[in-house]
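> Here is the input, now give the coordinates:
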Amino acid sequence: MKIIVVSLLVYISTWLRTHRSMRIEIVALRHQLSVYQRSVRRPIIEPEDRVIWPWIARRWSGWKEALIIVQPRTVMAWQRKRFRAYWTKLSRAGKVDRPALSKEVRALIVRMSKSNPGLGSPRIVGELQKLGIQVAKSAVEKYRVRCRKPPSPTWKAFIDNHLKDLVSIDFFTVSTVKFKVLFVLIVLAHHRRKVIYFNVTEHPTSQWTAQQIVEAFPWDTAPRYLLRDRDKVYGTDFRKRVRSLDIEEILTAPRSPWQSPYVERTIGSIGRECLDNVIILNERHLKRVISNYLDYYRRWRTHLSLEMDAPDPRPIQGPEIGRVVELPEVGGLHHHYERLAA
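Got it, this is the predicted structure:
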């Protein structure tokens with residue numbers, strides 16, 4: 001502002017001076033400019049300079065020849081920028097901005113992202129919604145601590161008219177500290193992405209797998225359809241037992257795990273979020289670890305496909321209930337958040 005005032009005073013004083021003194025002063029100023037131009041490679045431009053030169057350009061046709069510190073097109077760019085800023089300010093006048101997040105909510109977002117590195121922004125939004133805090137995904141993106149690991153892959157599209165009556169089964173392997181290979185059987189209900197049964201064995205057979213189906217669906221709880229791959233473990237004994245339960249088998253194409261995306265995604269989550277961080281000692285230890293994780297998965301872990309809810313629906317807790325507390329799950333690998341009265 002000081003530069004603008006001084007420039008205006010100089011402009012007014014020129015009306016009180018003779019032409020001879022003005023011409024001499026112009027020669028002196030041009031000589032000093034040439035010296036500065038030789039010694040200063042890039043002059044420092046202040047905001048006041050961006051105001052003075054557009055004003056000079058509107059009142060003097062020879063301003064381009066006298067301009068040294070910047071290019072003429074730079075002055076034009078300054079004017080266009082001021083024009084856009086002026087009309088942007090007018091168009092936004094009277095509009096109410098989105099209220100800023102409180103310090104406590106920002107700290108909670110940071111804490112959630114640090115305690116759960118694999119927790120993406122949508123799932124953090126879901127966790128906050130369950131605590132009665134409405135936050136936009138863009139706000140979470142702004143404040144969360146980003147991890148260096150690549151994001152998890154998205155779910156493949158899978159449309160089935162009988163989703164509530166469809167379950168998937170699949171095996172995956174886990175190696176122990178003594179290099180023994182254990183096989184884990186997962187039975188997943190598609191409707192709520194809920195693991196309804198699992199078991200571990202060192203020697204999977206068709207007879208053992210058939211018995212697991214009976215234990216997974218006691219009484220009249222058997223589903224209408226069973227989705228599986230073409231592994232040889234699902235042999236004659238297994239197929240007979242499934243038919244006796246009045247279950248229709250749906251087989252995926254050979255070497256096409258993407259045709260059974262729900263159970264494959266669940267197995268991937270168990271690996272990334274649990275087993276990749278634990279050294280398995282034996283079969284008993286593996287059962288305990290998976291059981292703890294599946295309890296967290298069923299009760300607390302929010303899912304994109306369930307509209308940010310857990311397989312067992314979680315109630316929304318409003319701020320009036322109390323403060324937010326962080327409780328460890330799966331030995332501290334994960335955490336869940338709920339409100340407790342003070």
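
> Confirm residue 168 sits in a helix?
No - read with DSSP: H, G, I helix; E, B strand; the rest coil, residue 168 is strand and lies in no helix.

> does residue 117 sit in a helix or strand, and which one?
Assigned by DSSP states H and E, residue 117 belongs to neither a helix nor a strand.

> Ok, residue 119 next?
Assigned by DSSP H and E, residue 119 belongs to neither a helix nor a strand.

> Can you check what pLDDT the model gives it?
The model reports residue 119 with a pLDDT of 79.

> wait, it sits on residue 111?
No - look at residue 119 against residue 111 with CB atoms under 8 Å: they stay out of range, at 11.0 Å. For every residue, glycine as well, the C-beta is placed using N, CA and C.

> which of these two has more neighbours?
residue 119 (22 against 16; other CB atoms under 10 Å).

> Distance-wise, check the more buried one relative to residue 140.
Per CB to CB, to the nearest Å, residue 119 is found 10 Å from residue 140.

> Could you do residue 101 as well?
10 Å.

> Once you drop chain neighbours, what's closest to residue 176?
residue 280 (4.8 Å; CB to CB, 6 or more residues apart in numbering).

> what sits against that neighbour?
174-177, 182, 286, 289 (CB atoms under 8 Å, 6 or more residues apart in numbering).

> between those residues, which has the most around it?
Of these, with other CB under 10 Å as the count, residue 289 tops at 22 neighbours.

> Just give the nearest non-adjacent residue to that residue, would you?
Nearest to residue 289 is residue 278, by CB to CB, 6+ apart, at 5.6 Å.

> Let me see the backbone angles for the one you found.
phi -130, psi 140 (degrees, to the nearest 10).

> next one: residue 190
According to degrees, to the nearest 10, residue 190 has phi -70, psi -30.

> and the gap between it and residue 243?
Distance from residue 190 to residue 243, by CB to CB: 21 Å.

> just to revisit the earlier point, now the contacts of residue 280 as a markdown table including pLDDT and secondary structure?
Shown next, in a markdown table, are the contacts of residue 280 (pLDDT from 0 to 100; DSSP: H, G, I helix; E, B strand; the rest coil):
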| residue | pLDDT | secondary structure |
| --- | --- | --- |
| 174 | 96 | strand |
| 175 | 95 | strand |
| 176 | 94 | coil |
| 177 | 94 | coil |
| 182 | 96 | strand |
| 286 | 96 | helix |
| 289 | 96 | helix |
